[in-house]
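Novice: 3D model of this:
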Amino acid sequence: MANLHFHYGTMGSSKSAQLLINAYNQNKHGNKTEILKPKTDNRFSIDHVDSRIGGLSAPATALENLNQYWPGPDTKMILIDEIQFFAPSDIDQLVRIADTTPVIVMCYGLMVDSNEQMFPASRRLIEVGAKLHRMESTCQMPGCMRLATHHLRFDATGDVIRAGEQICVGDSAFKSVCRQHFNAIYHNINTHTK
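Specialist: Numbers count the residues shown, from 1 in each chain. Got it, this is the predicted structure:
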């Protein structure tokens, strides 16, 4: 089994829920886990990973970076939520852990931002050969059942935001959409979407 994994998908594809289920199952079978998250992720809690599915939550260690992080001696698996908010150097630290210990490293997060730009940490996971797992969900546009692959970000008046900071915590201003709806709305390209 590969020691470094990247579970990616759009918002609403149950990434955090799957992380929590994975941690629960491992701990239930006596495999100690550590759950990590970036300090920038304070949507629901500073020291927990929470799923939008009510009731799913677990304590987590929030870190600025992973440069000095090393798992405890009995840890079998590290689960990291919102990996896209870390830096490429943090991914290199995870590679060192995966390559020099028996610990399995499971990263969960977004691949691209709302401007179709890959997050640097996500790019680094691909560059270092992490095993990729796409977590699928459907487009959030009414009536569309295509695969959600993109995010649209909206301002307070409902206009699409096409520039600005790559990292924006929260999900009330975002919508996960298929490529066709993204192109139709973001780029104003008529793709015959319904």
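Novice: can you list the neighbours in contact with the host helix or strand of residue 7?
Specialist: Element membership for residue 7 (DSSP states H and E) is strand 4-8. In this structure, residues lying in contact with strand 4-8 by C-beta atoms under 8 Å, 6 or more residues apart in numbering are 15, 18-19, 83, 94-95, 98, 104-111, 122, 125-126, 128-135. For the C-beta atoms, the positions are set from N, CA and C on the backbone; glycine is no exception.
Novice: next SSE downstream of it?
Specialist: helix 15-28.
Novice: now do that following helix against strand 4-8, angle only.
Specialist: Counting by axes from the mean of the first three to the mean of the last three C-alpha atoms, to 10 degrees, helix 15-28 lies at 140 degrees to strand 4-8.
Novice: I'd like the average pLDDT over helix 15-28.
Specialist: For helix 15-28, mean pLDDT is 94.
Novice: who are the packing partners of that helix?
Specialist: Judged by 3 or more C-beta pairs under 8 Å, 6 or more residues apart in numbering; DSSP states H and E, helix 15-28 is in contact with strand 4-8, strand 33-38, strand 48-50, strand 57-59, strand 77-80, strand 104-109.
Novice: test my guess that residue 135 contacts residue 9.
Specialist: Yes - Residue 135 sits in contact with residue 9 when judged by C-beta atoms under 8 Å, with a separation of 3.3 Å.
Novice: ok, residues contacting the lowest-mean-pLDDT helix or strand in the chain?
Specialist: Counting by mean pLDDT, DSSP states H and E, the chain has its least confident helix or strand at strand 48-50, which shows a mean of 83. The contact list for strand 48-50, computed with C-beta under 8 Å, 6+ apart, reads 16, 19-20, 35, 37, 43-44, 56-60, 81.
Novice: any weak-confidence spans in this protein?
Specialist: Counting by pLDDT under 70, the low-confidence segments of the chain come to 1, 42, 44, 164-172, 190-194.
Novice: hmm, 90 instead?
Specialist: For the chain, applying pLDDT under 90 flags the ranges 1-2, 11-12, 14, 40-59, 113-116, 151, 153-175, 185-194.
Novice: re the thing from before, looking at the helices and strands packed on helix 15-28, spot the one closest to residue 179.
Specialist: Closest approach to residue 179 among the helices and strands packed on helix 15-28 (C-beta to C-beta): strand 4-8, 15.6 Å.
Novice: now the closest one against strand 104-109, angle please.
Specialist: Interaxial angle, strand 4-8 versus strand 104-109 (the same axes, to 10 degrees): 20 degrees.
Novice: neighbouring strands for strand 4-8, and are they parallel or not?
Specialist: Here strand 4-8 is paired, per DSSP bridges, with strand 104-109 (parallel), strand 131-134 (parallel).
Novice: distance between the longest one and the chain's centre?
Specialist: Read it as strand 104-109. Centroid separation for strand 104-109 versus its chain: 9 Å, with C-alpha atoms, centre = their mean, to the nearest Å.
Novice: what number of residues lie near the nearest residue to residue 95 once chain neighbours are set aside?
Specialist: Leaving aside its chain neighbours, residue 95 sits nearest to residue 128 (5.1 Å; criterion: C-beta to C-beta, 6 or more residues apart in numbering). Neighbour count for residue 128, taken as other C-beta atoms under 10 Å: 16.
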